[in-house]
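1. predicted model and sequence below, questions to follow.
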Amino acid sequence: MSAHFSKDLTVEQAFKTHAGARRVFAKFHLGGCSHCAISETETIEQVSEGYGIPLPMLMDELEKLFAAGGLDVGDKVRLPDEIRSKIPQLANVPEIGEVKSLEAGAYTVEFGEVRLQGLAEDFIKAQPASV
């Protein structure tokens, strides 16, 4: 398995490598508030040392982003009910959308006239209709 992240990448480069990197840092309570703010110019290694997070653990979590199952352009997906119910503007959006593009781990999905972006875990792959 090739590594997508290295300890010398800056936080900004990690965000560009995979959109899910923000969620990994947030999982370790980094970057969300003033006392846990991280600079996008810090390297992953500096963040690890500065906040006491073991570097191998942080690197493993980042690499898992690429190991997770994904979607393909053209796949039909739907929104999880918990997302649809929490955002009133999504009430009238079509049930099924189509993945239009993938860039750095972020998917663009069109639900009729509405275009949404998210990670694979933000969408549920729709089962193909039987022929």
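-> Happy to help now that I have it.
2. so what does the helix ranked longest in the chain touch, helix or strand wise?
-> In the chain, ranked by residue count with DSSP state H as the criterion, the top helix is helix 55-67. Other elements packing on helix 55-67 under the criterion 3 or more CB pairs under 8 Å, 6 or more residues apart in numbering; DSSP states H and E are helix 21-27, helix 44-51. Any C-beta I mention is one placed from the backbone N, CA and C, and that applies to glycine too.
3. swap in 10 Å and give it another go.
-> Counting contacts by 3 or more CB pairs under 10 Å, 6 or more residues apart in numbering; DSSP states H and E, helix 55-67 packs against helix 11-17, helix 21-27, helix 44-51.
4. what about the ones you listed, which gets the closest to residue 104?
-> Taking CB to CB, helix 11-17 is the member of the helices and strands packed on helix 55-67 nearest to residue 104, at 6.0 Å.
5. convert stretch 48-61 to PDB, retaining C-alpha atoms only.
-> What follows is stretch 48-61, C-alpha atoms only, in PDB (Å, rounded to 0.1, in the frame of the first residue of the first chain):
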ATOM      1  CA  SER A  48       1.400  15.400  16.300                       C
ATOM      2  CA  GLU A  49       4.200  16.700  18.600                       C
ATOM      3  CA  GLY A  50       2.400  19.900  19.500                       C
ATOM      4  CA  TYR A  51      -0.800  18.200  20.600                       C
ATOM      5  CA  GLY A  52       0.500  14.900  21.900                       C
ATOM      6  CA  ILE A  53      -1.100  12.700  19.300                       C
ATOM      7  CA  PRO A  54       1.100   9.700  18.400                       C
ATOM      8  CA  LEU A  55       2.300  10.300  14.800                       C
ATOM      9  CA  PRO A  56       1.600   6.600  13.800                       C
ATOM     10  CA  MET A  57      -2.000   6.900  15.000                       C
ATOM     11  CA  LEU A  58      -2.600  10.100  13.200                       C
ATOM     12  CA  MET A  59      -1.000   8.800  10.000                       C
ATOM     13  CA  ASP A  60      -3.000   5.600  10.100                       C
ATOM     14  CA  GLU A  61      -6.300   7.500  10.500                       C
END
